[in-house]
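A.B. asks: Here's my sequence, what's the structure:
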Amino acid sequence: MANWTDNIVEKVNTAADAIKNIGDINEVDVATAPREVVWEDGKVKLFHFTREDKPKAKTPVIISYALVNRWAMMDLQPDRSFIRKLISEGIDVYVIDWGYPTRTDRYKSMEDYILGDLDHCVDYVRQAHGIDKVNLLGVCQGGTFSLIYSALNPDKVKNLITLVTPVEFADNDGLLFKWSRDMDVDTMVESFGGLIPGDFLNFGFDLLKPMNKMRKYYGFNDVAKSKDKLMNFLRMEKWVSDSPAQAGETYRKFIKDLYQNNKLAQGTFELGGQVVDLKKISMPVLTIYAKDDHIVPPDSTRPINDLIGSKDKELMEFPGGHIGVFVGSRSQKMLTPAVAQWLVDRDK
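C.D. replies: Model (predicted):
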């Protein structure tokens, strides 16, 4: 009887601590590393992160994140920030903020994003620093964009890094890849009025591992009794819920040409009337994949090394999942310092 009573008391106390901690929260901050807008066009912005000391590498890196969710994952909080760690390791960092598309952007194409926005950001940094080439770091879909850009503009990219980036879309390990093959993307784009809602995409990601969300909320009381753990939880939830819509024409081409027809890996993908030949990527390339990634499985990323023409190319396995690459403790201790050193070593 005493054990049962003690258990009830413990749960009541835990709930009371959780309620108090939640009540004490005024704001949930993410992406707090100091930065300034140095270029913008419409909804797209280029941020430059400020630093107090001189960087070890004279060539800055531009981060190209995916259109799905927001780049804030790379600066979730001060002690779990891929960007802050890169800066502390001596790298000058820029990041592209793709913004929040609205109905007026329904016809914005992959050409507009890659040959327009991404190219303008690269040219800005080249001019601002008086250099011919920049370092490019692409994440997930942003990594696919970076591969395409580097193949079409090898004269503007000094070093290329891809993180959890899909290129082999015929992979059968990923449930997302299987679903996409049977998707009627034309009907979907038109049914949503040319703008794919972010909540719709998040629902699809949740279905990849539906029990994860249940486990997460089931243990919320235990998380919320610690203010630090609660803030970690809320920052992640804020990032997950901050999901921009997708411009219909970009979504249509990305699904049809890549997920359904695997054109990039096959060498038949075209952008702006140009065939994208990955063999034209000749700069040093670091390809990072996550061993337990259920969104972009390793077998969809590793073929990058076989498809590019670079002689200096390296595969790096991260022992974790898709999100752990950015916010896990091993990312801070192992991965990000290794990325920074890789760039410093090639900053000739």
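
A.B. asks: what residues does stretch 311-330 touch?
C.D. replies: Among residues not part of stretch 311-330, those counted as contacts by CB atoms under 8 Å, 6 or more residues apart in numbering are 73-74, 76, 80, 82, 140, 163-164, 236, 282-296, 298, 302, 305, 331, 335, 338, 342, 346. C-beta: built from backbone N, CA, C; applies to glycine.

A.B. asks: Can you select the buried ones from these in PyMOL?
C.D. replies: Once 16 or more other CB atoms under 10 Å is used to decide burial, the buried members of the contacts of stretch 311-330 can be selected in PyMOL as follows:
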select buried, resi 73+74+76+80+82+140+163+164+236+282+283+284+285+286+287+288+289+290+293+294+295+296+298+302+331+335+342+346
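
A.B. asks: For the stretch 51-200 of the chain, which segments are assigned as strands?
C.D. replies: If you assign secondary structure with DSSP state E, counting those that start in this stretch, the strands in the stretch 51-200 of the chain sit at 61-64, 93-97, 134-139, 157-163, 195-196.

A.B. asks: Note down every partner strand of the second one and its orientation.
C.D. replies: Translated: strand 93-97. Sheet pairing for strand 93-97, assigned by DSSP bridges, gives strand 44-49 (antiparallel), strand 61-64 (parallel).

A.B. asks: doesn't residue 163 make contact with residue 288?
C.D. replies: Yes - the criterion here is CB atoms under 8 Å, and residue 288 meets it with residue 163 at 4.9 Å.

A.B. asks: what about the protein, any weak spots by pLDDT?
C.D. replies: Residues of the chain meeting the criterion pLDDT under 70: 1-26, 213-214, 217.

A.B. asks: In strands only, show me the contacts of stretch 311-330.
C.D. replies: When these are checked against strands using DSSP state E, the ones located there are 163, 285, 286, 287, 288, 289, 290.

A.B. asks: so how far is residue 282 from the fifth one?
C.D. replies: Relative to residue 282, residue 288 is positioned 20 Å away (CB to CB, to the nearest Å).

A.B. asks: ok, back up a step: rebuild the ones in strands among the contacts of stretch 311-330 as JSON lines, extending it with distance to residue 252.
C.D. replies: Compiled in JSON lines, those are given as follows (distance: CB to CB, whole Å):
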{"residue": "163", "distance to residue 252": "25"}
{"residue": "285", "distance to residue 252": "29"}
{"residue": "286", "distance to residue 252": "31"}
{"residue": "287", "distance to residue 252": "27"}
{"residue": "288", "distance to residue 252": "29"}
{"residue": "289", "distance to residue 252": "27"}
{"residue": "290", "distance to residue 252": "28"}
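
A.B. asks: Need the max-distance pair from these.
C.D. replies: 285 and 290 (17.4 Å; CB to CB).

A.B. asks: Burial-wise, tell me which of the strands paired with strand 93-97 comes out on top.
C.D. replies: strand 61-64 (a mean of 25; mean count of other CB atoms under 10 Å).

A.B. asks: Other residues contacting that strand?
C.D. replies: Contacts of strand 61-64 with the rest of the structure, by CB under 8 Å, 6+ apart, involve 46, 71, 74, 83, 86, 91-96, 118, 121-122, 125, 134-139, 142-143, 145-146, 149, 161, 343.

A.B. asks: Not counting its neighbours along the chain, what's nearest residue 289?
C.D. replies: By the measure of CB to CB, 6 or more residues apart in numbering, the closest residue to residue 289 outside its immediate chain neighbours is residue 301, 4.0 Å from it.

A.B. asks: what about whatever helix or strand residue 234 lives in, distance to the chain center?
C.D. replies: Element membership for residue 234 (DSSP states H and E) is helix 227-241. Using CA atoms, centre = their mean, to the nearest Å, the mean C-alpha position of helix 227-241 is found 18 Å from that of the whole chain.
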